[in-house]
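In: kindly return the folded structure for what I paste below:
(one chain, ligands or ions: 1)
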Amino acid sequence: RATDMQARQPQTSLPRVLVLATGGTISGKADTRSAIGYDAGAVTGEQLIAGVPGVEKLARLKVEQISNIASQNMNSQVWFHLAERIHEAFARNEADAVVITHGTDTMEETAFFLDIVTGDSRPVVLTGAMRPSTAISADGPANMYEAVKVATSPQARNRGVLVVLDDTIHAARWVSKTHTTALETFRSRNAGPVGMADPANVRFFTPPRAEIHLPLSQNHVLPRVEIIYAHADMDADQIDEAVKNGARGIVIAGMGDGNVSEEALSGLDRAVKAGVVVVRSSRVGDGFVNRNVEVDDDRHELVASLDLNPQKARILLQLLLADGRNAPTDIQKTFGRDY
Ligand SMILES: NC(=O)CC[C@H](N)C(=O)O
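Out: Numbers count the residues shown, from 1 in each chain. Next comes the predicted model:
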């Protein structure tokens, strides 16, 4: 009789996963514009789950639609909404893990934002797709299945926010979209992935890490931080303009090891004098931006982004400024992960 009961209620011991759907190609439908045209965010989270066979055997899923947008429209309002919902769900013990479906364009930014502000050992996993749900060989269902598989793995705890696509598990800090259309677009630059997943197994290559996080600003406003892309023949106009427009921070997507022209560097000096925090990152993609190599960061009072690409450096700087921290030496330490 006990066996009978268990057979009829097999799922009650399964972990509880809260799915927060935000949109993106994983929720996309083909349109008639062209062979590869589609509208991101046309399918709801509920419909998306219904198209993933077997996922109900991994977890008890509860789906909430946070937004339904292509992630080029992702914004800080949705970030705060996601962060607060995650805090609440864990604080009330509503879920053992969270899976977020998201467009791939800015997935690394949302993952990194949540990584900085979420201080919980329970897994938070982002996933998405490169092909819409109606395409031949859509990758969304497999990615969703593996994301839930990773989220419910006991080994996924204490790893910060993870990104799972194409059988690969990435940490939010390192992951970046590196190809416009390929399925294997996500790479963990410098570090490599933290693990691999397939429908049967989850394997991590790295040990869990200590939790570090910054508070979420109460008023839900992030200060203005501009990214300025450096190039040959660069003057300081965009930098001066950013300061005029009220930027509190500037991230330079510098050439090579985070370099800018002499003229641009003079513009950065003016920005720093005006109280703007300037971070040197790189447009290159791989490698670290080191302090005091070709640019004397100490003299110019600049921050080197180390491994953070411009879009992630921007988010960390915004959260620090929102927390009232604006001394370059202090900010430099946080970029080295010493929050
Ligand atoms: N593959 C994708 O998810 C890209 C679709 C869309 N640009 C987005 O980021 O939401």
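In: burial count for the residue in the stretch 201-339 of the chain positioned nearest to the ligand?
Out: Closest to the ligand within the stretch 201-339 of the chain is Gln311: 13.1 Å, counting by C-beta to the nearest ligand atom. Any C-beta I mention is one placed from the backbone N, CA and C, and that applies to glycine too. Each residue near Gln311 was counted by other C-beta atoms under 10 Å, and the total is 17.
In: phi and psi next, for it.
Out: phi -70, psi -30 (degrees, to the nearest 10).
In: ok, Ser305 to His213 distance?
Out: Distance from Ser305 to His213, counting by C-beta to C-beta, to the nearest Å: 19 Å.
In: repeat for Gly249
Out: For Gly249, the distance to His213 (C-beta to C-beta) stands at 20 Å.
In: also Thr25?
Out: From Thr25 over to His213 (counting by C-beta to C-beta), the distance is 29 Å.
In: more neighbours: which of these two?
Out: Between Thr25 and His213, Thr25 has the larger neighbour count (other C-beta under 10 Å), namely 28 against 15.
In: didn't that one look like it was pressed against Thr127?
Out: No: under the criterion of C-beta atoms under 8 Å, Thr25 makes no contact with Thr127, lying 11.1 Å away.
In: buried set for the longest helix anywhere in the chain?
Out: For the chain, the longest helix by residue count, based on DSSP state H, is helix 76-91. Going by neighbour count (16 or more other C-beta atoms under 10 Å), the buried part of helix 76-91 is Val78, Trp79, Phe80, His81, Leu82, Ala83, Arg85, Ile86, Ala89, Phe90.
In: ok, so of those residues, who is nearest the ligand?
Out: Val78 (11.9 Å).
In: with adjacent residues omitted, what lies nearest to the closest one?
Out: What sits nearest to Val78 in space, not counting adjacent residues and going by C-beta to C-beta, 6 or more residues apart in numbering, is Ser67, at 5.1 Å.
In: which ones are touching the one you found?
Out: Thr22, Gly23, Gly41, Val78, His81 (C-beta atoms under 8 Å, 6 or more residues apart in numbering).
In: swap in Arg283?
Out: Applying C-beta under 8 Å, 6+ apart to Arg283 gives the contacts Tyr229, Ala230, Ala253, Gly254, Met255, Pro310.
In: now the two most distant members of the residues you listed.
Out: Distances among the contacts of Arg283 were taken as C-beta to C-beta; the most separated pair is Met255 and Pro310, at 12.2 Å.
In: show me the common contact partners of the two, please.
Out: Contacts common to Met255 and Pro310, judged by C-beta under 8 Å, 6+ apart, are Ser282, Arg283.
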